[in-house]
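> Sequence first, predicted coordinates after that:
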Amino acid sequence: MILNILSKPSKEPVEMEFRIIREDGVIRYIFQRIEFIFDKKDQVTKIFGIVQDITEKRLMEKELEYKRNHDLLTGLLNRSYFTQYMDKLCRTKGAKNETFALLLFELDNFTYINDALGFQMGNKLISLVAERLSNSLEDLYICRYSGSIFAAILENVESIEECRQAAQRVIDTFSETFLLDIYEFDLIINLGISRFPEDGLDSYQLLKNADIAKMRSKNEGKNNYSFFSKEISMQSHKEYTLRRDMLYAIERDELRIFYQPVVNIKTNEIIGVEALVRWVHPVWGTLLPSEFIYIAEETDFIIHMGKWVLSGVCSTYKEWIESGLPRIKVGVNFSGIQFLENNFADKVIDIIERFGLDPSFLIMEITESVVMKKTDKVRADIERLQELGARLALDDFGTGFSSLSYISSFKIDVIKIAASFLHNLRPDSVNYSIIKFIGEMASSLDMYVVAEGVETRDQLKEIKRLGCIGGQGYIFSKPEPKEEITKILKEGLNKQLLH
């Protein structure tokens, strides 16, 4: 190259960059500038030049390029570079009538880990996840999309089955426990899949639809994956409007509290009610908790909703007491998100005292997922409310990570058996044996058992034999608004239906 320049000198300065390898094997980057001086006959009379070692400059540029394209915490590709690459892939694949798949997945329980152990531990865990993904999924083009969300591209896809296999390999990556310091983490992911060109022609549309599919997989269970479809898109539109409108649901007076009786199945007397929130949406109609509570938890609106529900319950209960109705118990559902609020127990007590009530009327209904966390704060808040007279009920028992160790960590007063255990309830069934065991265990631990979802006389007959004390379900009453439940409390149940 240099000889070629010297043999054909230019009247303009010539610049070049090249590498040299020193005897010790170290690579250096060199910049060279050559300038020729000509006489009147265009003959070279002088040659000026500089030679400069620019290794540090080039290494700095490479470092900046790396930082521009990679996530600094994990070393994976970052969101910006990943979306640019995906748009480029859309153009090249589109020209060749080829396809590829986008896999978008999120750590489902990461927020709790971050809140409980701090962001530094959270960052270490994210790095550990990225390392395992890189080592286990070398054929996928992986990036850290944001926070605890990752994305991967599967190129040259010829069938849906290949997408399924790739999604399952991602899920399998999380099948083993992550060990970090003194902690063990069993991580859960939700994964959504969109495909080019069926589900989008650019990165924006593909990512949007994969996210929609990811949300569907979250609703369908743990460590699950879903493909995007038009049906999911309609559901996503509904979820979008609910997320948007939820912020105004209280001030627009769209929330309602319904009450369902809990009955002593031996005496047929009402011993309590469970407060159940409904959302009367102007477009989607009356929504059950299963349709919007998970959105409230994701957006932290559950904290505001929880205070509103407890205030409404206290107001209604005070009316019942002042009108001479029996001092029954009222079950109120509490989300694990609510326990993360500072001074949670104080705020519950403040609401109850504002209405001049004794906390002993309250039954705190929590799920096994809350008990499973067993953080010092959750335990302290529950114990403080119990010391003031409130009771604790474990709701939907048997549908989560049931464990006797969880029960022994808290003073459980009531176990509510999930309605699913009452289906096909026969003496030779597994459900029958499970309910019998729960009843015997509860009796020995001074708890009482309530069976949820009691709908038939046969079910009522069997749960009586199995040691249940309470029953809740349509055979007694469906959830009713305040006016109707007040009437039922005054007049009592139609006991003819129970015999």
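Arrived safely, thanks for sending.
> Against residue 230, how distant is the closest residue in space to residue 106 that isn't next to it in sequence?
Counting by CB to CB, 6 or more residues apart in numbering, residue 106 lies nearest to residue 149, which is 4.6 Å off, once chain neighbours are set aside. Every residue, glycine included, has its C-beta placed from N, CA and C. Using CB to CB, to the nearest Å, residue 149 is found at 24 Å from residue 230.
> And residue 166, its phi and psi?
phi -60, psi -40 (degrees, to the nearest 10).
> Tell me who's in contact with it.
101, 103, 140, 152, 154 (CB atoms under 8 Å, 6 or more residues apart in numbering).
> Include secondary structure, distance to residue 220 and neighbour count when you put those into a markdown table, please.
As requested, the contacts of residue 166 are exported to a markdown table (DSSP: H, G, I helix; E, B strand; the rest coil; distance: CB to CB, whole Å; neighbours: other CB atoms under 10 Å):
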| residue | secondary structure | distance to residue 220 | neighbour count |
| --- | --- | --- | --- |
| 101 | strand | 19 | 25 |
| 103 | strand | 16 | 25 |
| 140 | coil | 23 | 19 |
| 152 | strand | 20 | 24 |
| 154 | strand | 21 | 23 |
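> What residues sit buried inside stretch 112-131?
113-114, 116-117, 121-122, 124-130 (16 or more other CB atoms under 10 Å).
> Convert that stretch to CSV, retaining C-alpha atoms only.
What follows is stretch 112-131, C-alpha atoms only, in CSV (Å, rounded to 0.1, in the frame of the first residue of the first chain):
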residue,chain,number,x,y,z
TYR,A,112,-40.8,-8.6,45.1
ILE,A,113,-37.2,-9.7,45.2
ASN,A,114,-36.0,-6.2,44.4
ASP,A,115,-38.3,-4.7,47.1
ALA,A,116,-37.4,-7.3,49.7
LEU,A,117,-33.6,-7.6,49.2
GLY,A,118,-32.7,-4.3,47.5
PHE,A,119,-31.7,-3.3,44.0
GLN,A,120,-28.1,-4.4,44.4
MET,A,121,-29.1,-8.0,45.0
GLY,A,122,-31.6,-7.6,42.2
ASN,A,123,-28.9,-6.5,39.8
LYS,A,124,-26.8,-9.5,40.8
LEU,A,125,-29.7,-11.8,40.0
ILE,A,126,-30.3,-10.2,36.6
SER,A,127,-26.6,-10.7,35.8
LEU,A,128,-26.9,-14.3,36.8
VAL,A,129,-30.0,-14.8,34.7
ALA,A,130,-28.2,-13.2,31.7
GLU,A,131,-25.2,-15.5,32.1
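> so where do the strands sit in the stretch 101-250 of the chain?
141-146, 149-155, 178-180, 183-185, 189-196, 224-227 (DSSP state E, counting those that start in this stretch).
> which one of the ones you listed is the most hemmed in?
A comparison of the strands of the stretch 101-250 of the chain by mean neighbour count, using mean count of other CB atoms under 10 Å, puts strand 189-196 on top with a mean of 25.
> That one to strand 149-155, inter-axis angle?
Relative orientation of strand 189-196 and strand 149-155, computed by axes from the mean of the first three to the mean of the last three CA atoms, to 10 degrees: 40 degrees.
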